[in-house]
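In: My questions concern the predicted model and sequence given below.
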Amino acid sequence: EIGDLLQARGREFGVTTGRRRRCGWLDLILVRYAHMVNGFSAIALTKLDILDTLPEIKVGVAYKVDGQPLPSFPANMDVLTRVSVDYKTLPGWCCSTETARSFEELPPQAQNYIGFIEDFLQVPVKWVGVGKSRESMIKLF
């Protein structure tokens, strides 16, 4: 149900095929692994406005297999297919972020969401997208 809402609000369709993309909560374990592999120095957090209507926002913060926590992203595909994700639930902001043009103009809950991502990953968020236009990209530093 949440995936359908995110897909519809974010217009997540394949450009060529028109096929619906699968959508879900942000998986910080996967992003942390991507950072380890690629070594990026900052994050572009796009489509923040898609979350505007949600009273709660979940973020994947840990993986478990057979009830046991995994210390990192699994290298084995057989293990990955058995993963269950632990989520941290953060309060939503239930108001539009589309007119925000600075970090300070974002609702406090959205600011806390961004801060949580930065703290978890130990990587700064440099850009935040709150709409479709170029002007809707907030540069934080």
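Out: Okay, I see it. Numbering: from 1, shown residues only.
In: tell me which residues of the longest helix along the chain are tucked away?
Out: Criterion DSSP state H: the longest helix present in the chain is helix 108-121. Residues 109, 110, 113, 114, 116, 117, 118, 120, 121 are the ones in helix 108-121 that count as buried (16 or more other CB atoms under 10 Å). (Glycine included, C-beta is placed from N, CA and C.)
In: would you list every one of the helices in this protein?
Out: Applying DSSP H to the chain gives helices spanning 2-9, 28-38, 77-80, 108-121.
In: Pipe those helices into JSON lines and attach distance to residue 134 and mean pLDDT per row.
Out: Output for the helices of the chain, formatted as JSON lines (distance: least, CB to CB, whole Å; pLDDT from 0 to 100):
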{"stretch": "helix 2-9", "distance to residue 134": "20", "mean pLDDT": "71"}
{"stretch": "helix 28-38", "distance to residue 134": "24", "mean pLDDT": "95"}
{"stretch": "helix 77-80", "distance to residue 134": "37", "mean pLDDT": "91"}
{"stretch": "helix 108-121", "distance to residue 134": "20", "mean pLDDT": "98"}
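In: Just send those helices back as TSV, with distance to residue 16 too.
Out: Converted to TSV, the helices of the chain look like this (distance: least, CB to CB, whole Å):
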stretch	distance to residue 16
helix 2-9	17
helix 28-38	24
helix 77-80	27
helix 108-121	31
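In: Tell me which of these sits nearest to residue 140.
Out: Closest approach to residue 140 among the helices of the chain (CB to CB): helix 108-121, 8.2 Å.
In: which outside residues touch the closest one?
Out: Residues outside helix 108-121 that contact it (CB atoms under 8 Å, 6 or more residues apart in numbering) are 26, 28, 31-32, 35, 43, 45, 48, 51, 57, 59, 61, 88, 90-93, 97, 103, 106, 124-125, 128.
In: just to revisit the earlier point, which one of the helices of the chain lies nearest to residue 71?
Out: helix 28-38 (10.4 Å).
In: Going by neighbour count, list what's buried in that closest one.
Out: In helix 28-38, counting by 16+ other CB under 10 Å, buried: 28, 29, 31, 32, 35.
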